[in-house]
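S.K.: Can you look at this prediction? I've put the sequence above it.
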Amino acid sequence: MNASAEPRPSNFIRDIILDDLKTNKYAGRVQTRFPPEPNGYLHIGHAKAICLDFGLADEFGGKTNLRFDDTNPSKEETEYVDSIMEDVKWLGFHWDGLFYASDYFDQLHEWAVQLIKAGKAYVDDLSADEIRKYRGTLTEPGKNSPYRDRPVDENLDLFARMKAGEFPDGSRVLRAKIDMASPNLNMRDPVMYRILHASHHRTGDKWCIYPMYDYAHGQSDSLEKITHSMCTLEFEDHRPLYSWFIQQLGIFPSQQIEFDRLNLTYTLLSKRKLLQLVQNKQVSGWDDPRMPTICGIRRRGYTPEAIRNFCGAIGVSKTNGSIELAMLEHFVREDLNRHALRVMAVLRPLKVVIDNYPENQVEEMDAVNNPEEPAAGSRKVPFSRVLYIEQDDFREEPPPKYFRLSPGREVRLRYAYFITCTSVVKNEKGEVVEVHCTYDPATRGGNTPPDGRKVKSTIHWVSAAHAIDVEVRLYDNLFTKEDPGQTEEGKDFTSNLNPNSLEVVSHAKLEPSLAAAPAGSRYQFERLGYFCVDPGSAPGKPVFNRTVALKDAWARVEKKQSGKP
RNA sequence: UGGGCCGUCGACUAAUGGUAGGUCAAGUGCCUUUGGAGCACUUUGUCUAGGUUCGAAUCCUAGCGGCCCAGCCA
């Protein structure tokens, strides 16, 4: 059973399936496939395709295969195969058949021979360069290759010798004989096989000729009896070719349906460019929490549920657009708000001394684990005379609408007491390094005192003597531009890299309950955001990644204030 | 410039000839022991011009705008 799908609005692909079901086009069957090329890690754009392929089949009681499109041995590796399987499973989907395009190399070869015999394919001796010249341009038709009308026997012989490894890479190709004057360049005698003396991750050195995508994909779909073969818009021009091979071969008529690829603001979703970031060490790896890869956002703390909800919400169409990153962030917050345990952490500590609190006293305060989920219970948090609060939560001269601590002002310490700031201690530079307060014993637990006085703000804190020291990594967008591909003349996308996308806070203070938090566990640091334990944490010293900040109403006010000086 | 595809609030997406609706964002208010969450409310949209029709986002025509295609990549 696949991850259950929330009721989603319909879309044009579902409508096609509904229609096919009604007309009994495929005997009531729905069979899809997710066909990644194992040449990189999966990213959030693939998640959209995965949710579609698996989700739609699941909805109609159909099946989905995972098929690795491994027709180009020079780029593909088992490392990628393994990561792809892990990521699909993590997203919550289960494939029915597990296949590789390379499973079909023998059959594909046999069909190629069949097409040669039918006069529909020929061996071309033209070089890659010459082929390009013969292809014509967008506005001019191509010219027939001088080898186009080679007799069948000669084609058969040459193709057999290509397969036998008699010719060097690039010396010959097998081409489909279609129409060099077609306005669709894909139909101008597309290459079916090229010579590549390369070792394949699964077939080893068995082959030195490898099928092209166009020749392999449709037939692979057909062999698996795929009914609805979804792919992205850029393959629209390939559909006539997809259908042409299937028709010439007279095999199961899979149909290709194209939808719009996911674009996200401030994000790059190109395997090539992501690989470049990894190779140039501009990120720490494919799973850098700033990467839009599945493994990256997993390490960042996103949940499969959030990603699935996001994919469901964005819908599917043929419009070329870009989703705002805020949409993705909304769905993590929504999920984490419901499930993440709350905890108190101080990122940038400011020492607070409660002058009227007994010197060596420690109290255990009751703190709710998750107000959204009463069953999550509560925990004890130690309170004492010396605390840390957030530097942001104190202003010596509070701006308008700033409700937090400042001289003479009273605030609530969450789950603890009301405190009033009485004085500050500054260093030589005039910076406030210590705040002195008094507390009101009648407000224990944070309760409103008998006199009913209210406080405008509640702030978080940790007990200095009990807090554990942790590293916290704060992430911002990897790119500074909405469309990172949009660059100035002569510059590439890396010029849009955000130099401040990672901020390491080495000595954050965290309540002691999390000393042994396991890798991958997710929490809300109250008033700050959602954080998860990085898998690279050393035992006893957790490292936290910020998944996403909480929405911050004060930040908006502050921004507005500074925007209109 | 040949071919293919696509134009609906700021973003994404519904409405399948019959009330332009939802989500995100933005804003306002309520509530609040997280300036979180929640709740309520609000703003903004059918690319343009013609046509068909009782009625058009939807059908037709013509414009305009955007994306994709000239790998022996997928």
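M.R.: Alright, I've got the coordinates. Bear in mind that the values here come from a model prediction, so they are computed numbers and not experimental data.

S.K.: was I right about residue A:517 contacting residue A:543?
M.R.: No: using CB atoms under 8 Å, residue A:517 makes no contact with residue A:543, being 10.4 Å away. No exception for glycine: its C-beta is placed from N, CA and C like everyone else's.

S.K.: shared neighbours of those two, anything?
M.R.: Residues touching both residue A:517 and residue A:543 (CB atoms under 8 Å, 6 or more residues apart in numbering): residue A:533.

S.K.: Residue ranges in the stretch 251-400 of chain A under the pLDDT threshold?
M.R.: By pLDDT under 70, the stretch 251-400 of chain A has no low-scoring segment.

S.K.: And the helices in it?
M.R.: Per DSSP state H, counting those that start in this stretch, the stretch 251-400 of chain A carries helices over the ranges A:271-279, A:294-300, A:304-314, A:325-339.

S.K.: would a markdown table of these with distance to residue A:507 and mean neighbour count be doable?
M.R.: Output for these, formatted as a markdown table (distance: least, CB to CB, whole Å; neighbours: other CB atoms under 10 Å):
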| stretch | distance to residue A:507 | mean neighbour count |
| --- | --- | --- |
| helix A:271-279 | 29 | 16 |
| helix A:294-300 | 22 | 23 |
| helix A:304-314 | 30 | 21 |
| helix A:325-339 | 25 | 18 |
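
S.K.: Would you reformat those as a markdown table and include distance to RNA strand B?
M.R.: A markdown table is the format used below for these (distance: least, CB to the nearest atom of the strand, whole Å):
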| stretch | distance to RNA strand B |
| --- | --- |
| helix A:271-279 | 8 |
| helix A:294-300 | 17 |
| helix A:304-314 | 4 |
| helix A:325-339 | 4 |
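
S.K.: What separation do you get for the residue lying closest to residue A:291 once chain neighbours are set aside and RNA strand B?
M.R.: Residue nearest to residue A:291 in three dimensions, not counting chain neighbours: residue A:283, with 5.7 Å by CB to CB, 6 or more residues apart in numbering. Residue A:283 sits 22 Å away from RNA strand B, going by CB to the nearest atom of the strand, to the nearest Å.

S.K.: Repeat that for residue A:560.
M.R.: Applying CB to the nearest atom of the strand, the value for residue A:560 to RNA strand B is 6 Å.

S.K.: Using the three-state scheme, assign that residue.
M.R.: Three-state assignment for residue A:560 (DSSP: H, G, I helix; E, B strand; the rest coil): helix.

S.K.: pLDDT value on it, please?
M.R.: Looking at residue A:560, its pLDDT reads 85.

S.K.: repeat for residue A:121
M.R.: Residue A:121 is given a pLDDT of 98.

S.K.: ditto for residue A:1
M.R.: pLDDT recorded at residue A:1 is 31.

S.K.: go on, the one 5 residues further on?
M.R.: At residue A:6, the predicted lDDT confidence score is 37.

S.K.: I'd say residue A:461 and residue A:389 touch.
M.R.: Yes: counting by CB under 8 Å, residue A:389 is a contact partner of residue A:461 at 5.0 Å.

S.K.: okay, and the common contacts of those two?
M.R.: A:346, A:352, A:413.

S.K.: Which parts of chain A are helices?
M.R.: Chain-ordered helices for chain A, with DSSP state H as the definition, fall at A:12-22, A:44-59, A:78-90, A:105-117, A:128-134, A:152-163, A:213-223, A:239-249, A:271-279, A:294-300, A:304-314, A:325-339, A:553-563.

S.K.: Out of these, which is closest to residue A:496?
M.R.: helix A:271-279 (10.9 Å; CB to CB).
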